[in-house]
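Visitor: Sharing a model prediction with you, sequence too.
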Amino acid sequence: MVHAVPPGDVTAIVNVGDDVELHGLHISPDLDTITYTVAGAIDLERGWGLGGETWHAMEALARYPRARRWFNLGDRDLATHLYRTDRLRSGASLSEVSAEVAEAWELGLRLLPVTDDRLQTRVTVTGEGEIGFQEYFVERHHDVAVTAVRFDGAEQARPAPGVLAAIGDARRVVVAPSNPIVSIDPVLTVPGVRAAVEARRAEVVAVSPIIAGAALKGPADRLLRELGHDASVVGVARLYAPFVGTLVIDEADAGHAAAVEAAGVRCVVAPTVMHGVAEATRLAEVVLA
């Protein structure tokens, strides 16, 4: 998006349901992944963390038998979490810290957590009960059956400063091709956010995270099926129809365009697999057009 329009025209409203406190640090995986990606510093193979990272701190932590070794943080990545945790404990809000991080990395865009309040995605796993999202996603490698997902703290949460205004004032509201259940829903569940998006429905464009019945990475397709939804572009259209006016689907799903429109959204067919910056920029241009 920042290659398709001036970065200063972009506001990213980001899920914080994945946030977790581990190793004594406040970790915001989605905020950090966006930061590192836009900065061109992301580890491209893993899709998270910094490229060229070292792991001396985690190797040293392994000396201690009760350390939670299943969640790794690289040595340079630790600096971001140390800074965020220190600022939060000094009384700064998450949105204030996120703005400082964006400025430090010279992103140009506006980086907003959807809320400054506590919001935690909780996952009910078959035979185990409810666990935290990172325990499901990282420790269990999202390879366990799920029967329910809830967002603890959502009812009491408030949109972070600027979130509702950004949605109301945007020329285009874009729903990124992220997991509908655990990346998009936590954003919409914050009181006031879904209503703000629904009010802009005609200008809301989503990109399907499902291509030919599968997610390119992550458990989106399995979660959709496990929770009773159709893991296809048609299933995504049905979920999104109340707040999305247009759904962009991949060329591999062109044969489903009529069914997508029958679900109540305008359908645009375009290449949606982002192999690199060039493909991502072309997709951004399609979404904006």
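Guide: Great, that's in hand. Residues are numbered from 1 along each chain as shown.
Visitor: Can you tell me the closest non-neighbouring residue to E96?
Guide: R87 (7.4 Å; C-beta to C-beta, 6 or more residues apart in numbering). Where C-beta positions appear, they are placed from N, C-alpha and C, glycine not excepted.
Visitor: For the residue positioned nearest the centre of the chain, list the residues it contacts.
Guide: Among the residues of the chain, the one closest to the centroid is S183, at 4.4 Å (C-alpha atoms, centre = their mean). S183 makes contacts with 15, 30, 176, as judged by C-beta atoms under 8 Å, 6 or more residues apart in numbering.
Visitor: any idea which helix or strand carries the second one?
Guide: Using DSSP states H and E, D30 sits within helix 29-38.
Visitor: related to what we said a few turns ago, of the contacts of S183, which is the most crowded?
Guide: N15 (29 neighbours; other C-beta atoms under 10 Å).
Visitor: roughly how far apart are that one and V193?
Guide: 11 Å (C-beta to C-beta, to the nearest Å).
Visitor: between these two, what contacts are shared?
Guide: In contact with both N15 and V193: 114, 187, using C-beta under 8 Å, 6+ apart.
Visitor: can you tell me the helix or strand for T124?
Guide: Counting by DSSP H and E, T124 is part of strand 120-125.
Visitor: In its sheet, which strands sit next to the helix or strand just after that strand, and in what direction?
Guide: Counting by DSSP H and E, the element after strand 120-125 in chain order, helix or strand, is strand 129-132. Paired neighbours of strand 129-132 in the sheet (DSSP bridges): strand 120-125 (antiparallel).
Visitor: Go through the partner strand and flag the buried ones.
Guide: Across strand 120-125, burial judged by 16 or more other C-beta atoms under 10 Å covers 120-123, 125.
Visitor: What segments of the protein are strands?
Guide: Counting by DSSP state E, the chain has strands at residues 11-14, 20-22, 25-27, 110-113, 120-125, 129-132, 146-152, 173-175, 204-207, 210-211, 214-215, 246-249, 266-269.
Visitor: Might you list the low-confidence residue ranges for the stretch 1-150 of the chain?
Guide: Of all residues in the stretch 1-150 of the chain, none has pLDDT under 70.
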